[in-house]
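Undergrad: need coordinates for the following:
(one chain, ligands or ions: 1)
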Amino acid sequence: MLAELYEGALEDAARRREARPTAEVERAALDRARALDGYAALARTDRINVIAEVKRASPSRGHLADIADPTALARTYASAGAAAISVLTEERRFKGSLDDLAAVRATVDVPVLRKEFIAEEYQLLEARAAGADLALLIVAGLDQALLERLARFTEQLGMTPLVEAHTRDELLRGLDAGARVLGVNARDLTTFELRPEIFAELAPLYPEGVVRVAESAVLEPAHVRRYVDAGADAVLIGEALVTNGDPATTLESFLNA
Ligand SMILES: O=P(O)(O)OC[C@@H](O)[C@@H](O)c1c[nH]c2ccccc12
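TA: Residues are numbered from 1 along each chain as shown. Presented below is the predicted three-dimensional model:
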């Protein structure tokens, strides 16, 4: 499944590149105001740093929410106290878009993450051109040389890579690639299985100074508490925020966990 997601994302990127060649996107990326500091936002120790996600659907859960106006949702997240906002831009299975990201960026003043299956520089240029401050790099989808190259390029563009691991080996590879913000995703993207305990298992491997992000599997405040007690600096939450009726109330309950 992961390979299929990357293939689709790269096909879609190739299609966009036909319309908007690399040089043009690069110019747009360099013309952007400097990216916001995603590391600083997620390293804060005076609160629970929630990365709130704009998520319409997923391959494992199917349709989640319509979200006609991602900017309204993003504004709600930001005013409820989200540290950052994640925007799915994958079109096929997650029903997102780069337009969603650009619109969110224009609406809020917290850092914005491009949530995508990124495997080439063009996608990072697009991310910055749309205003992303952080970009997701999934260790399981990239060989080490490519992971390192993309992490470096992300930083060169002024963005912060959020490097995602599912296993001990992947976490160590992420650290080797120089990740300063490193996530452990409780959902294994190859099997879609949820393993909420994996963050606590891997948290002791983080060196000082690397931001610990716990991703997925938060359905109630107790799950946020469990991640924070296990050492999470930040928690990435999608489904629960878009399916529980009022996102502001739900997010506030997580921030007060
Ligand atoms: O909806 P959840 O279980 O709260 O999960 C959010 C986020 O962690 C999840 O969307 C995610 C984490 N890593 C990913 C990589 C690609 C797509 C999606 C993801």
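
Undergrad: next, count neighbours for the closest residue to the ligand within the stretch 1-150 of the chain.
TA: Going by Cβ to the nearest ligand atom, the ligand is nearest to residue 53 of the stretch 1-150 of the chain, at 5.2 Å. Every residue, glycine included, has its C-beta placed from N, CA and C. Residues near residue 53, counting by other Cβ atoms under 10 Å, number 26.

Undergrad: dihedrals phi and psi, it?
TA: Dihedral pair for residue 53: phi -110, psi 140, per degrees, to the nearest 10.

Undergrad: isn't it up against residue 240?
TA: No - the criterion here is Cβ atoms under 8 Å, and residue 53 misses it with residue 240 at 9.7 Å.

Undergrad: what residues does the one helix or strand residue 113 maps to touch?
TA: Here residue 113, judged by DSSP states H and E, is contained in strand 112-115. For strand 112-115, contacts defined as Cβ atoms under 8 Å, 6 or more residues apart in numbering pick out 36, 38, 51, 53, 84-90, 94, 96, 98, 101, 104-105, 123, 127, 130-136, 162.

Undergrad: parallel or antiparallel, list what pairs with that strand.
TA: Using DSSP bridges, strand 112-115 pairs in its sheet with strand 84-88 (parallel), strand 134-138 (parallel).

Undergrad: let's see the pLDDT reported for the closest residue to the ligand within the stretch 101-250 of the chain.
TA: Closest to the ligand within the stretch 101-250 of the chain is residue 238: 2.9 Å, counting by Cβ to the nearest ligand atom. Here, the pLDDT recorded for residue 238 equals 98.

Undergrad: renumber starting at 873 from here on
TA: Fine by me, first position is 873 from now on; the one you just mentioned is residue 1110.

Undergrad: list the contacts for it?
TA: 925, 927, 930, 936, 958, 1088.

Undergrad: now the last one: how far from residue 980?
TA: Residue 1088 sits 22 Å away from residue 980, taking Cβ to Cβ, to the nearest Å as the criterion.

Undergrad: wait, residue 982 touches residue 952, no?
TA: No - with contact defined as Cβ under 8 Å, residue 982 does not reach residue 952; the gap is 11.0 Å.

Undergrad: for the closest residue to residue 1010 other than its chain neighbours, grab the count of nearby residues.
TA: Excluding the flanking residues, the one nearest residue 1010 by Cβ to Cβ, 6 or more residues apart in numbering is residue 1036, at 4.7 Å. Counted with other Cβ under 10 Å, the neighbours of residue 1036 add up to 26.

Undergrad: and residue 1036, bridged to which residues?
TA: Here residue 1036, judged by DSSP bridges, has bridge partners residue 1010, residue 1055.

Undergrad: alpha carbons of the longest helix seen in the chain, as CSV, please.
TA: Assignment by DSSP state H gives helix 874-891 as the longest helix of the chain. Extracted in CSV, the C-alpha atoms of helix 874-891 (Å, rounded to 0.1, in the frame of the first residue of the first chain):
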residue,chain,number,x,y,z
LEU,A,874,2.8,2.5,0.8
ALA,A,875,4.4,1.9,-2.6
GLU,A,876,1.1,2.6,-4.3
LEU,A,877,0.6,5.8,-2.4
TYR,A,878,4.0,7.0,-3.4
GLU,A,879,3.4,6.0,-7.1
GLY,A,880,0.1,7.9,-7.1
ALA,A,881,1.7,11.0,-5.5
LEU,A,882,4.6,11.0,-7.9
GLU,A,883,2.3,10.6,-10.9
ASP,A,884,0.2,13.5,-9.7
ALA,A,885,3.3,15.6,-9.1
ALA,A,886,4.5,14.8,-12.7
ARG,A,887,1.1,16.0,-14.0
ARG,A,888,1.4,19.2,-12.1
ARG,A,889,4.9,19.7,-13.4
GLU,A,890,3.7,19.6,-17.0
ALA,A,891,1.6,22.7,-16.2
